[in-house]
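> heads up, no residue letters with this:
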């Protein structure tokens, strides 16, 4: 076979490692009040009524989604159900059906992938699409967005709003301008003609503190930000300010990274936002153990071990702290990772520090044993113990594969919850 | 309008066509319900067991959620939303 033909065949048959490409045209697709829309689809009697997904009013927990009718009462995601019940006593309160929303989300993403070579899911209900190479085939970005929206609506019975811009940030702002079931295509040569009059708070990532700095500078709108001299932005907000100005002017392109190409071997972790802020160490530890259990189950499934444990805590005042510790030996052992997480927790938090809103843990510097591991080697003296643990956890994983995740839980976590008074007794 | 969790096994006549499953008619508590509309469908997994869920309506305004367990091949009426 001729060498050039062999090379061509190899190129076609063997997928090459692709690096995320920058694109000049991004669509941000954002499902409209997603969970509530799915509930309305499944129960047409809900349409036109204020629907609040999360649970019954007065119970512990928060609103996960409120439809547009419920938002008129001031209800929004994250609000406690008790407060929602006071604001909208006649609303229809539906419990969250996570499995259902995940399934519909998978179907939605599959539709997006029919229309774009590169789709980056940003969450369960939104995604970025690289449309630079395909929008013209559909008659331009406007027709393209209409076609996707129609297919999602007709196939799945839920609606999506789409924004198109020169980068992710501008596309995301645009997708929010004509909701629900609408679209906004920013003119690429003059994005400020649409975005200019908007408040800087519409820019994703610009929070209260950045807004305050900008306000001190006399900047309230996106146009004022875009027109601000680069040097002034650099002086007050450093590189972030300069980048923000360029992004909002459409001068910076974005990378779209499909899920399957994401470098997910950097770290694996989970985090949990408590329904009510927590000030009890045992409750935090019990949740930490559950999160470690979930993370290490994924690591075992994908045959990873890691050498870095990262703990994240967010206080009720939204102050976020992370601490990390390098391990001497790579591991996926939940007991080791939990012990390190526990020690990190004790480093950065005491009960007198106040209540905690969110806890997260992740394991970083991941690799598969046998792959290059930066000079580290597994602890040979630990091997018999590690083998016993591997045997134990492969049995646990098999049971969970067959009977579901909750068939086995750490007794230690239940004991911690008992001490915290969250459950009354533990059966051994 | 209120939801009632049921969890009763039901007899179902369903159509398997082109890789899709379509519930048509079920018997619950000695009464036959003819499905006139499938509002939505989704799939969940519990361990290895896959469940197909359907939100369906009969001639009235009430909404029924039925579930097919692919392992046991049993249909269950999961819950009812009483609208009328």
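Yep, it's here. Predicted model only: the values in this text are computed from it and were never measured. Residues are numbered from 1 along each chain as shown, chains lettered A, B, ... in the order given.
> Quick check, central residue of the chain?
All of this is about chain A. When CA atoms, centre = their mean is applied to chain A, the residue found nearest the centroid is residue A:123 (4.8 Å).
> That was the other one, I meant chain B.
Short answer for chain B (CA atoms, centre = their mean): residue B:66, at 1.7 Å.
> For it, give me phi and psi.
For residue B:66, the backbone dihedrals are phi -110, psi 150 (criterion: degrees, to the nearest 10).
> so how far is chain A from it?
12 Å (CB to the nearest CB, to the nearest Å). Backbone N, C-alpha and C define where each C-beta goes, glycine included.
> ok now do that residue, which residues does it touch?
The neighbours of residue B:66, taking CB atoms under 8 Å, 6 or more residues apart in numbering or on different chains as the test, are B:10, B:12, B:23, B:26, B:53-54, B:56, B:75-78.
> Can you tell me which helices and strands the helix or strand that contains residue B:7 packs against?
Residue B:7 belongs to strand B:2-17 when assigned by DSSP states H and E. Packing partners of strand B:2-17 (3 or more CB pairs under 8 Å, 6 or more residues apart in numbering or on different chains; DSSP states H and E): strand B:20-28, strand B:63-69, strand B:74-82.
> before we move on, back to that, out of the contacts of residue B:66, which comes closest to residue A:43?
Residue A:43 lies nearest to residue B:56 out of the contacts of residue B:66, by CB to CB, at 10.7 Å.
> Give me the nearest residue to residue A:304, chain neighbours excluded.
Nearest non-adjacent residue to residue A:304, counting by CB to CB, 6 or more residues apart in numbering or on different chains: residue A:366, 4.4 Å away.
> Just the pLDDT at the one you found, thanks.
Listed pLDDT for residue A:366 reads 84.
> any idea how far chain B is from it?
25 Å.
> Neighbours of that residue, how many?
The number of residues packed around residue A:366, counting by other CB atoms under 10 Å in any protein chain shown, is 22.
> and if you look at residue A:289?
24.
> Next up, the contacts around the nearest residue to it once chain neighbours are set aside.
Nearest non-adjacent residue to residue A:289, counting by CB to CB, 6+ apart: residue A:413, 4.2 Å away. Residues in contact with residue A:413 (CB under 8 Å, 6+ apart) are A:285-286, A:289-290, A:293.
> can you check residue A:275 too?
Contacts for residue A:275 were tallied using CB under 8 Å, 6+ apart; they are A:60-62.
> What of residue A:48?
Shown in contact with residue A:48 (CB under 8 Å, 6+ apart): residue A:69.
> Find me the pLDDT at it, would you?
The score at residue A:48 is 94. That number is its pLDDT.
> One more: residue A:63?
pLDDT, residue A:63: 91.
> Report the contact partners of it.
A:52-54, A:75-81, A:84.
> Cross-reference those with the strands and report the matches.
Within these, residues falling in strands by DSSP state E are A:52-53.
> Dig out what residue B:2 forms beta bridges with.
Under DSSP bridges, the beta-bridge partners of residue B:2 are residue B:82.
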